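Enquirer: how does the following fold in three dimensions:
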Amino acid sequence: MLTKITIPSYVTTIGDYAFSYCNSLAQVEIPPSVTSFGDYAFYFCSSLAQIEIPPSVTSFGNHAFAYCKSLEQIEIPSSVASIGSHAFFYCES
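Expert: Presented below is the predicted three-dimensional model:
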């Protein structure tokens with residue numbers, strides 16, 4: 001059961017569907033090398049309560065965090081120029 005992930009510093013993009021349906025994923029550490037989140041990147045990560053987005057990120061794909069029902073806090077840096085449709089759909093906390 002995956003509960004925590006640390007993205008390595010050489011990663012620049014969290015790809016489409018990378019962590020979709022990781023229901024027990026509660027903690028993600030994202031390095032400043034990451035510049036974008038693909039479509040459905042964290043879709044239905046229902047245990048994810050908080051995520052820190054580095055200022056290097058410029059875009060969120062469609063449904064990137066949709067159905068992250070426990071998501072309570074997210075700070076979107078000013079570097080983000082594009083947020084896809086339904087990126088935070090059904091984040092009900």
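Enquirer: switch to C-alpha atoms for all contacts and neighbour counts from now on
Expert: Will do.
Enquirer: next structured bit after the helix or strand bottoming out on mean pLDDT in the chain?
Expert: Within the chain, confidence by mean pLDDT, DSSP states H and E is lowest for strand 73-75 among all helices and strands, at a mean of 89. Later in the chain than strand 73-75, the nearest helix or strand by DSSP states H and E is strand 82-83.
Enquirer: in terms of secondary structure, what does that next one contact?
Expert: If you count contacts as 3 or more Cα pairs under 8 Å, 6 or more residues apart in numbering; DSSP states H and E, strand 82-83 packs onto strand 59-60.
Enquirer: now do the buried residues in the least confident helix or strand of the chain.
Expert: Across strand 73-75, burial judged by 16 or more other Cα atoms under 10 Å covers no residue at all.
Enquirer: which residues touch that strand?
Expert: Contact with strand 73-75 is made by 49-53, as judged by Cα atoms under 8 Å, 6 or more residues apart in numbering.
Enquirer: name the strands paired with that strand and say parallel or antiparallel.
Expert: strand 50-52 (parallel) (DSSP bridges).
Enquirer: pull out the buried residues from the partner strand.
Expert: For strand 50-52, by 16+ other Cα under 10 Å, it's 50-51.
Enquirer: contacts for that strand?
Expert: 26-30, 71-75.
Enquirer: in ChimeraX, how would I select just the buried ones from those?
Expert: A single ChimeraX command selects the buried members of these (16+ other Cα under 10 Å):
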select :26,27,28,30,71
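Enquirer: where does confidence bottom out across the contacts of strand 50-52?
Expert: Among those, Q73 carries the lowest pLDDT, at 84.
Enquirer: that one and P32, how far apart?
Expert: Distance from Q73 to P32, counting by Cα to Cα, to the nearest Å: 19 Å.
Enquirer: that older thread, which one in the contacts of strand 73-75 is the model shakiest on?
Expert: Minimum confidence in the contacts of strand 73-75 sits at Q50, scoring 88.
Enquirer: what bridges to it?
Expert: Beta-bridge partners of Q50, as defined by DSSP bridges: Q73.
Enquirer: so A41 makes contact with D16?
Expert: Yes - counting by Cα atoms under 8 Å, A41 touches D16, with 5.1 Å between them.
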